[in-house]
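>>> Structure for the following, please:
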Amino acid sequence: IGAWIGVFSIYAEKKGAYCLLSEPDYVAYQELIKNIELNESKVAICNSAISSKDGVAVLNSTGDFGNSESSLVDRESGKGEMPVTTFTLENFINSYKVRPESISLIKVDVEGEEVGIITSSKDWLSEHTPSIHLSLHPAWKGQDGIDKIADVIFEIYKVESDKGGVVEIGKFNYYISYIL
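As a prediction, this is how the structure comes out:
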């Protein structure tokens with residue numbers, strides 16, 4: 001989710017993973033297609049955004065589109081906008097007829113919309129508990145947004161000690177990529 005130009009996904013596909021990619025930024029999407037062709041990758045791609053709801057939203061850019069910083073989060077310093085189709089995580093997965101139990105990892109790097117995706121997908125994530133590579137962007141959502149997503153993640157992915165009980169992991173205080 002947030003494939004950008006496919007670096008992570010092309011590598012995963014070369015290691016044997018089936019990859020389903022979503023990239024809403026049309027400029028990045030065109031580069032993604034080129035990279036997939038150059039690497040002869042067999043991945044499924046969709047020029048759409050994963051969000052808290054299905055529909056159409058505005059994708060914002062602080063610079064040129066394609067620079068990996070486009071986001072559904074409205075930012076005052078935005079230089080460009082484009083309409084994009086959005087899907088919830090569950091509807092995106094279902095539309096490709098992917099069996100949830102076959103999902104080994106969901107990468108989420110969407111420049112601030114992580115909070116909306118994770119909180120709106122809480123029930124689905126709780127039921128299926130796939131591993132998640134989550135990139136958080138507090139500069140766009142603030143510490144309150146990071147705390148909110150951390151609370152949901154820790155509720156879904158309870159880490160238990162070998163002596164029983166839940167282990168407190170803590171809160172995120174800065175930009176971090178975290179694999180659960």
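>>> how about Ile93, secondary structure?
helix (DSSP: H, G, I helix; E, B strand; the rest coil).
>>> Which residue is the nearest non-sequential neighbour of it?
Closest residue to Ile93 apart from its sequence neighbours, by Cβ to Cβ, 6 or more residues apart in numbering: Pro100 at 6.7 Å. Placement of C-beta: from N, CA and C, glycine included.
>>> Now do that neighbour against Ser9, distance only.
Applying Cβ to Cβ, to the nearest Å, the value for Pro100 to Ser9 is 19 Å.
>>> Neighbour count for the two, which is higher?
Set side by side, Pro100 and Ser9 show more neighbours around Ser9, with 24 against 14, by other Cβ atoms under 10 Å.
>>> Which helix or strand in the protein has the lowest average pLDDT?
Sorting the helices and strands of the chain by mean pLDDT, DSSP states H and E puts strand 177-179 at the bottom, at a mean of 43.
>>> for Ile149, what are its contacts?
For Ile149, the contact set (Cβ atoms under 8 Å, 6 or more residues apart in numbering) comprises 114-115, 118-119, 134, 136.
>>> dump the residue contacts of the most centrally placed residue in the chain.
What sits nearest the mean C-alpha location of the chain, by Cα atoms, centre = their mean, is Val108, with 2.2 Å. By Cβ under 8 Å, 6+ apart, the contact set of Val108 is 1-2, 50, 114, 117-118, 132-135.
>>> quick one: pLDDT of it?
With respect to pLDDT, Val108 has a value of 92.
>>> next one: the one 5 residues further on
Glu113 is assigned a predicted lDDT (pLDDT) of 88.
>>> mind checking how far the closest residue to it other than its chain neighbours is from Tyr18?
The shortest distance from Glu113 to any non-neighbouring residue, by Cβ to Cβ, 6+ apart, is to Leu72 (4.6 Å). Distance, Leu72 to Tyr18, by Cβ to Cβ: 26 Å.
>>> Of these two, which one has the most company?
The residue with more neighbours, out of Leu72 and Tyr18, is Leu72; 21 against 14, by other Cβ under 10 Å.
>>> Verify the contact between the more buried one and Asn60 for me.
Yes: if you go by Cβ atoms under 8 Å, Leu72 and Asn60 touch, sitting 7.3 Å apart.
>>> how far away is Arg99 from Tyr18?
Shown here: Arg99 relative to Tyr18, a distance of 11 Å by Cβ to Cβ.
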